[in-house]
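# Fold the following, please.
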Amino acid sequence: MAQWNQLQQLDTRYLEQLHQLYSDSFPMELRQFLAPWIESQDWAYAASKESHATLVFHNLLGEIDQQYSRFLQESNVLYQHNLRRIKQFLQSRYLEKPMEIARIVARCLWEESRLLQTAATAAQQGGQANHPTAAVVTEKQQMLEQHLQDVRKRVQVKQVLGKYPFSWSYCLWDLPVSF
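You can find the predicted model right below:
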């Protein structure tokens, strides 16, 4: 199942966190309208290479035009208006700096993935309440695996955003030493 569809199945507490991810810089409406296409792009790479960011940005504008045409055929005036407004905003803000929108989208997708992992871990832990011994061992293992995944993701994001040069030494201090 696509990530966006999975997110829509989450409990209210997680949906609230999802709503907080989106702002005017990358509208949730656009995420909804173009979910499959957005998820199929390599935003992390686009955030690190300007020529690729430019290509992806222009493709994004083309996808918006295609979606606009669909709404035109459906006579959906509200969605037409919203898409036109979103496209104008994106062009005015990111045409000269496409890597910025790539960073924003990459960050949103990463946060969405993390939110899905958190919800899945919580659901698994809730289902194991009937087996306390197994739950303790599994919970520690899951916490370690989750922490390792978070560290890897942070390293990837830091590389993409160019905040720090790559080094595992930045990450290893976060790993728990004992159980």
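# where's residue 88 relative to residue 102, distance?
Here residue 88 is placed at a distance of 19 Å from residue 102 (CB to CB, to the nearest Å). In short, each C-beta sits where N, CA and C put it, glycine included.
# sorry, that was for residue 90
From residue 90 to residue 102 the distance is 12 Å (CB to CB).
# ok, now residue 149?
Taking CB to CB, one finds residue 149 at 22 Å from residue 102.
# now residue 116
21 Å.
# repeat for residue 69
From residue 69 to residue 102 the distance is 25 Å (CB to CB).
# So the two - more neighbours on which side?
residue 102 (28 against 12; other CB atoms under 10 Å).
# quick one: contacts for the more buried one?
43, 46, 47, 53, 56, 57 (CB atoms under 8 Å, 6 or more residues apart in numbering).
# Okay, and which of those map to strands?
Judged by DSSP state E, the contacts of residue 102 include no members of strands.
# will you turn the residues you listed into CSV that also has distance to residue 18 and pLDDT?
Compiled in CSV, these are given as follows (distance: CB to CB, whole Å; pLDDT from 0 to 100):
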residue, distance to residue 18, pLDDT
43, 17, 97
46, 22, 97
47, 21, 97
53, 25, 98
56, 23, 98
57, 24, 98
